[in-house]
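Q: how would this look folded up:
(4 chains)
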There are 2 protein chains.
Amino acid sequence: MVKFSKKLEYALISLRHISNAGNEVIRVRDISEKYNIPHDLLAKILQKLKNSKILISSQGINGGYTLNRKLNEIPLSELMMIVENTTTIAECFHNDDKTCTIIDSCTIKDPLSKIQTEFENILKNKMISDFV
Amino acid sequence: MVKFSKKLEYALISLRHISNAGNEVIRVRDISEKYNIPHDLLAKILQKLKNSKILISSQGINGGYTLNRKLNEIPLSELMMIVENTTTIAECFHNDDKTCTIIDSCTIKDPLSKIQTEFENILKNKMISDFV
DNA sequence: TAAAATCGGACTAATATAGTCGTATTTTAA
DNA sequence: TTAAAATACGACTATATTAGTCCGATTTTA
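A: Take a look at the predicted model:
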């Protein structure tokens, strides 16, 4: 069955928590303990969110994370890319003005790719705020 | 990344092929060879489709499969359940007439379940014919 | 009756996900 | 100034899922 990953769930839980905390700086440990998420695993997920500018981090003894972008402006697809290290599938140029140069190797032709493409389009229109 | 399985793809390819063949009986070997799909694996997938009444099989030397239902009447979600041995997620009774009896343990509360539920609703409205 | 098809359980291999470990760096309060 | 506590990050291990294989049984018909 198609499943969404734990990493995605941990990211969503964290973003909700940090978002609800307003300007307060949130430590990895705070989230890890409250929601029973492995600390090291969560730490890496939040690092990725920081590297992609969704969170802001501060190191040191009073360090932690705060939000850098509004959750209703971040598509779910973007979050999935970030936490799961995947790149977007190739854009399809097989459009009306006949600019497609990759017809021979076009992956959209097979059924699974059609599903995958349609699915990813759906995810682009779902914002994180819709789920937390 | 969320991915759809090879089994689902093999099922879709097979259904398209059998559908296009009209009344002709199609052998596992025909599909297996034409699309380079492992024979034994494909055989089991088609067996499942037969057990769930999407295909009709005949055994023996001239045996094979034919279609039993129209592809535009089979939701993608149903096909996924069949080929991947999964059961549907629990129906949510948390509806207007307040008949929900599982609020305390309701899994829809966490973000991932919200996504999963929405996603499965989408799949119910996509028919196999939309993808093959 | 032999060939060729489906039937189906048990098994193995490959891949992806989840989680752990160790060490470095940064910051700040005592 | 130094110890504590936080993030930073690569490498590693464990677990779960998916993909594929193997082998024998049953069914049908030329």
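
Q: need the contact list for the residue positioned nearest the centre of chain A.
A: The residue lying closest to the centre of chain A (CA atoms, centre = their mean) is A:Leu79, at 0.9 Å. Going by CB atoms under 8 Å, 6 or more residues apart in numbering or on different chains, A:Leu79 touches A:8, A:11-12, A:15, A:54, A:128. In this view, the C-beta of every residue, glycine as well, is placed from N, C-alpha and C.

Q: widest-spaced pair of the residues you listed?
A: A:Leu8 and A:Ile54 (13.3 Å; CB to CB).

Q: chain A: strands as residue ranges?
A: Ranges of strands in chain A, per DSSP state E, are A:55-58, A:64-67.

Q: could the ones you listed go into a markdown table alongside distance to A:Ala43 and mean pLDDT?
A: Converted to a markdown table, these look like this (distance: least, CB to CB, whole Å; pLDDT from 0 to 100):
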| stretch | distance to A:Ala43 | mean pLDDT |
| --- | --- | --- |
| strand A:55-58 | 10 | 93 |
| strand A:64-67 | 10 | 94 |
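
Q: for DNA strand D, find the nearest of the ones you listed.
A: Of all those, strand A:55-58 sits nearest to DNA strand D, with 3.7 Å by CB to the nearest atom of the strand.

Q: quick one: list the elements packing against that closest one.
A: Contacts defined by 3 or more CB pairs under 8 Å, 6 or more residues apart in numbering or on different chains; DSSP states H and E place strand A:55-58 against helix A:39-51, strand A:64-67.

Q: ranking these by burial, who's on top?
A: Mean neighbour count, computed with mean count of other CB atoms under 10 Å in any protein chain shown, is highest for strand A:64-67 among these, reaching a mean of 20.

Q: anything in stretch A:56-63 near DNA strand C?
A: Yes: using CB under 7 Å from any atom of the strand, stretch A:56-63 reaches DNA strand C at A:58-63.

Q: return the distance of that stretch from the chain's centre.
A: 22 Å (CA atoms, centre = their mean, to the nearest Å).

Q: tell me which residues of that stretch come out buried.
A: Across stretch A:56-63, burial judged by 16 or more other CB atoms under 10 Å in any protein chain shown covers A:Ser57.

Q: output that stretch as PDB, nothing but the C-alphas.
A: Once non-C-alpha atoms are left out, stretch A:56-63 reads as follows in PDB (Å, rounded to 0.1, in the frame of the first residue of the first chain):
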ATOM      1  CA  ILE A  56      15.700  29.000  11.600                       C
ATOM      2  CA  SER A  57      18.100  27.400  14.100                       C
ATOM      3  CA  SER A  58      20.300  28.800  16.800                       C
ATOM      4  CA  GLN A  59      23.000  26.700  18.400                       C
ATOM      5  CA  GLY A  60      24.300  26.800  21.900                       C
ATOM      6  CA  ILE A  61      22.900  26.200  25.300                       C
ATOM      7  CA  ASN A  62      19.700  28.200  24.700                       C
ATOM      8  CA  GLY A  63      19.500  27.100  21.100                       C
END
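
Q: who touches it?
A: Residues outside stretch A:56-63 that contact it (CB under 8 Å, 6+ apart) are A:25, A:27, A:46-47, A:50, A:64-68.

Q: show me which pair in the residues you listed is furthest apart.
A: Comparing all pairs in the contacts of stretch A:56-63 by CB to CB, the longest separation belongs to A:Arg27 and A:Asn68, at 16.7 Å.

Q: how about the CA coordinates for the helix-or-strand element of chain A with minimal mean pLDDT, as PDB?
A: Within chain A, no helix or strand scores below helix A:111-124, which has a mean of 81 by mean pLDDT, DSSP states H and E. Extracted C-alpha coordinates of helix A:111-124, given in PDB (Å, rounded to 0.1, in the frame of the first residue of the first chain):
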ATOM      1  CA  PRO A 111       0.300   3.800 -16.300                       C
ATOM      2  CA  LEU A 112       2.200   4.100 -13.100                       C
ATOM      3  CA  SER A 113       3.800   7.300 -14.100                       C
ATOM      4  CA  LYS A 114       0.500   8.700 -15.000                       C
ATOM      5  CA  ILE A 115      -0.700   8.000 -11.500                       C
ATOM      6  CA  GLN A 116       2.500   9.300 -10.000                       C
ATOM      7  CA  THR A 117       2.300  12.600 -11.900                       C
ATOM      8  CA  GLU A 118      -1.300  13.200 -11.100                       C
ATOM      9  CA  PHE A 119      -0.700  12.400  -7.500                       C
ATOM     10  CA  GLU A 120       2.200  14.900  -7.300                       C
ATOM     11  CA  ASN A 121       0.100  17.600  -8.800                       C
ATOM     12  CA  ILE A 122      -2.400  17.000  -6.100                       C
ATOM     13  CA  LEU A 123       0.200  17.400  -3.400                       C
ATOM     14  CA  LYS A 124       1.400  20.700  -4.800                       C
END
